[in-house]
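**Student:** Could you look at this predicted model? Sequence included:
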Amino acid sequence: MMMYQTFPKVELHLHLDGSMRIQTACELLQLKEEIVKKKMEAPISCDSLTDYLQVFDLPISLLQTKENLTRVTKELGEDLKQDGVIYAEVRFCPLLHIQKGLTPQEVIEAVLEGISKAPVKMNLILCMMRHFSLEQNQMIIKLAQQYHLPLDLAGDEAKYPTEHFSSLFSEINQYHIPFTIHAGESGNIDSLQAAFSFQAKRIGHGIQVVNSEALLQEADQQKVHFEICPTSNIQTKAVSSYEKHPIAQLYKMGYSLSVNTDNRTVSHITLSEEYEKLAHTFHWNQEDFKKINFNAIDVAFLNEEEKEKLKAIIKAV
């Protein structure tokens with residue numbers, strides 16, 4: 001029988017502010033656990049993605065000092081180690097953490113310090129936000145250049161359509177900055193069409209692709225990788241149940257995909273638990289999970305030597 005927690009895993013889609021320990025928030029706020037949980041964990045079924053995103057307010061309010069940013073990043077690394085994760089890409093938006101006077105550079109450096117202290121190899125992705133102004137997102141592009149970090153576009157795709165960000169991605173492609181895009185989670189297929197037109201090789205979620213034969217063909221031609229977060233998709237009502245989740249369909253069709261938690265705290269889930277649910281629902285076995293992790297490593301924001309080291313760990317299982 002497969003031991004999900006000890007199986008070496010790679011996670012590509014993980015939000016820092018959505019993965020803060022409940023106990024840490026309780027300590028910082030001097031509040032009881034049941035009060036904090038209600039504010040940091042999304043219900044099993046939200047009304048929408050917009051509803052789901054509201055639970056980020058509290059952790060973001062706490063992540064406004066260097067000490068807290070470093071601590072929470074390091075603790076996330078400890079939690080990942082406990083979960084059997086051998087490599088993770090953690091994403092966040094630095095401009096959401098300057099409310100108490102930190103500069104964006106200080107914010108990024110505090111998180112990078114936490115990464116340096118973590119017991120697991122982690123890399124950082126900077127998120128542009130859909131509700132931000134063009135100037136704010138251009139500032140994040142400049143920060144990505146300054147710190148040699150990849151980019152993401154996150155936020156409510158139903159309210160802020162992906163196609164509105166074409167000028168940003170022209171700039172990103174001009175500078176050859178690696179990137180991923182949240183698309184095709186709750187929005188219509190136009191969101192994915194726009195992401196593909198921006199030459200995205202990685203898509204956060206992307207599950208609406210199954211609703212378009214033309215987009216499935218385009219994803220195949222462009223060799224697009226889908227960072228899929230099953231439990232999160234069910235919470236946001238992007239999918240009605242685990243049994244109806246298109247991850248199995250995409251996997252069977254041979255698309256490159258990875259399994260991710262999205263937000264460990266908000267979704268009250270570990271990567272081991274995601275694997276266990278997939279194994280139970282779709283009868284996936286160790287070989288399936290090895291293949292999915294090799295897919296993840298192939299598209300990770302790493303050099304080839306680092307990728308080979310991770311693959312060797314998984315091959316040895």
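**Tutor:** Sure, I can see it.

**Student:** Which stretches in the stretch 151-300 of the chain count as helices?
**Tutor:** Per DSSP state H, counting those that start in this stretch, the stretch 151-300 of the chain carries helices over the ranges 166-174, 189-197, 213-222, 230-235, 247-252, 271-282, 286-299.

**Student:** Quick check: buried residues in the third one?
**Tutor:** When neighbours are counted by 16 or more other CB atoms under 10 Å, the buried residues of helix 213-222 are found to be 215-216, 218-219. Using the backbone N, CA and C atoms, a C-beta is placed for each residue, glycine as well.

**Student:** which of those residues lies closest to Ser267?
**Tutor:** Of all the buried residues of helix 213-222, Ala219 has the smallest distance to Ser267: 25.0 Å, by CB to CB.

**Student:** now the closest one: how far from Gln30?
**Tutor:** Ala219 sits 48 Å away from Gln30, going by CB to CB, to the nearest Å.

**Student:** Compute the first-to-last residue distance for stretch 129-138.
**Tutor:** Using CA to CA, to the nearest Å, the end-to-end distance of stretch 129-138 comes out at 11 Å.

**Student:** Then Leu14 would be within a strand, right?
**Tutor:** Yes. Counting by DSSP: H, G, I helix; E, B strand; the rest coil, Leu14 is located in a strand.

**Student:** What score does it have for pLDDT?
**Tutor:** Note for Leu14: predicted pLDDT of 98.

**Student:** cool, Glu135 as well?
**Tutor:** Reported pLDDT for Glu135: 98.

**Student:** surely Ile228 meets Asp262?
**Tutor:** No. With contact defined as CB atoms under 8 Å, Ile228 does not count as touching Asp262 (9.3 Å).

**Student:** Identify the contacts common to the two.
**Tutor:** Jointly contacting Ile228 and Asp262 under the rule CB atoms under 8 Å, 6 or more residues apart in numbering are His13.

**Student:** got the contact list for the spatially most distant residue from the centre of the chain?
**Tutor:** Distance from the centre of the chain peaks at Gln30, with 29.1 Å (CA atoms, centre = their mean). Applying CB under 8 Å, 6+ apart to Gln30 gives no contacts.
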